[in-house]
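Chemist: structure here, sequence nowhere to be found:
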């Protein structure tokens, strides 16, 4: 039954998923090409990195400098944005197939089948795995087509997918607690923005080496899945173990979502909706 649910979700979203995959590949390709055209020499990239290292506020909105190599420079300017974009796609995807399904009245129907209360949640977890594998492959393909080294491109894509997986797990758990799809989408977006700025604070308060043009973020970056993606350093001294953190967060929050779904009534929420106003505002009178 779970396999059938997964298949039906993939079939329903096939056009959307294909559009997202092509969009991610095109975005990373165009970003890498544009960065290469704007900063064609190591000297130009080094001059820009010195400005970044000397301006903590700019680091909040960019990324972690990791040398003046072409791939590392592209990573510093774009990895945080790409990881954020993959995360937002996961927010919309999970909400659409979890809380929004219950909002539409289909949750009771699914719960009455052999899937039960937990089957739909498990199928969403499987859908998330499939989607993030596709997203990581799309990002890696875009970079590789732009001429970046294959190994670094694959690690860049995997790091972005890891952020997406962690985001999806948190949103799926939130969906079990909040009363509507709109609230779930909004909360997921707020969490993702908070992660982006926590990573930025970690960069801004990190230790910079002006000679090698490398920044070591502070511990604050480790509180953010986007910071975990940066810690892989795709085109620098590659570090693979941070790739495990995003899937681990997905597993932990996914288990929490399944347990919560098994215990609550379909359509109910742990956080109730706020009552509306008893009277109209004065300007409506």
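Modeler: That came through, no problem. All values derive from a computational prediction rather than experimental measurement. Residues are numbered from 1 along each chain as shown.
Chemist: where exactly do the helices run in the stretch 101-250 of the chain?
Modeler: 106-111, 119-145, 150-177, 181-204, 225-231, 245-263 (DSSP state H, counting those that start in this stretch).
Chemist: what's the angle from the third one to helix 245-263?
Modeler: Going by axes from the mean of the first three to the mean of the last three C-alpha atoms, to 10 degrees, helix 150-177 is angled at 20 degrees with respect to helix 245-263.
Chemist: helix or strand for residue 86, just tell me which one.
Modeler: helix 70-97 (DSSP states H and E).
Chemist: what's the mean pLDDT across that helix?
Modeler: On average, the pLDDT along helix 70-97 is 93.
Chemist: that helix to helix 119-145, inter-axis angle?
Modeler: Using the same axes, to 10 degrees: helix 70-97 against helix 119-145 is 160 degrees.
Chemist: so how far is helix 70-97 from its chain's centroid?
Modeler: How far helix 70-97 lies from its chain's middle: 5 Å, per C-alpha atoms, centre = their mean, to the nearest Å.
Chemist: got it, and stretch 125-138?
Modeler: 11 Å.
Chemist: now stretch 229-236
Modeler: With C-alpha atoms, centre = their mean, you get 16 Å for stretch 229-236.
Chemist: next one: stretch 200-220
Modeler: 22 Å.
Chemist: ok, back up a step: name the helices or strands packed onto the helix holding residue 86?
Modeler: Applying 3 or more C-beta pairs under 8 Å, 6 or more residues apart in numbering; DSSP states H and E, we find helix 70-97 packed against helix 14-38, helix 42-54, helix 119-145, helix 150-177, helix 181-204, helix 225-231. All C-beta spots, glycine's among them, are computed from the backbone N, C-alpha and C.
Chemist: before we move on, the earlier item: let me have the helices of the stretch 101-250 of the chain in JSON lines, extended by distance to residue 54, mean neighbour count and mean pLDDT.
Modeler: As requested, the helices of the stretch 101-250 of the chain are exported to JSON lines (distance: least, C-beta to C-beta, whole Å; neighbours: other C-beta atoms under 10 Å; pLDDT from 0 to 100):
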{"stretch": "helix 106-111", "distance to residue 54": "53", "mean neighbour count": "16", "mean pLDDT": "57"}
{"stretch": "helix 119-145", "distance to residue 54": "28", "mean neighbour count": "22", "mean pLDDT": "92"}
{"stretch": "helix 150-177", "distance to residue 54": "26", "mean neighbour count": "26", "mean pLDDT": "94"}
{"stretch": "helix 181-204", "distance to residue 54": "12", "mean neighbour count": "20", "mean pLDDT": "94"}
{"stretch": "helix 225-231", "distance to residue 54": "19", "mean neighbour count": "28", "mean pLDDT": "96"}
{"stretch": "helix 245-263", "distance to residue 54": "30", "mean neighbour count": "19", "mean pLDDT": "91"}
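Chemist: who's in contact with residue 236?
Modeler: 66, 67, 69, 72, 75, 214 (C-beta atoms under 8 Å, 6 or more residues apart in numbering).
Chemist: can you pick the most crowded of those?
Modeler: Compared across these, residue 75 has the highest neighbour count, 32 neighbours, by other C-beta atoms under 10 Å.
Chemist: what angle sits between the helix holding residue 86 and helix 42-54?
Modeler: Using the same axes, to 10 degrees: helix 70-97 against helix 42-54 is 60 degrees.
Chemist: contacts only, for the residue positioned nearest the centre of the chain.
Modeler: Nearest to the mean C-alpha position of the chain, counting by C-alpha atoms, centre = their mean, stands residue 87 at 2.0 Å. Residue 87 sits next to 163, 164, 167, 192, 195, 225, 226 when contact means C-beta under 8 Å, 6+ apart.
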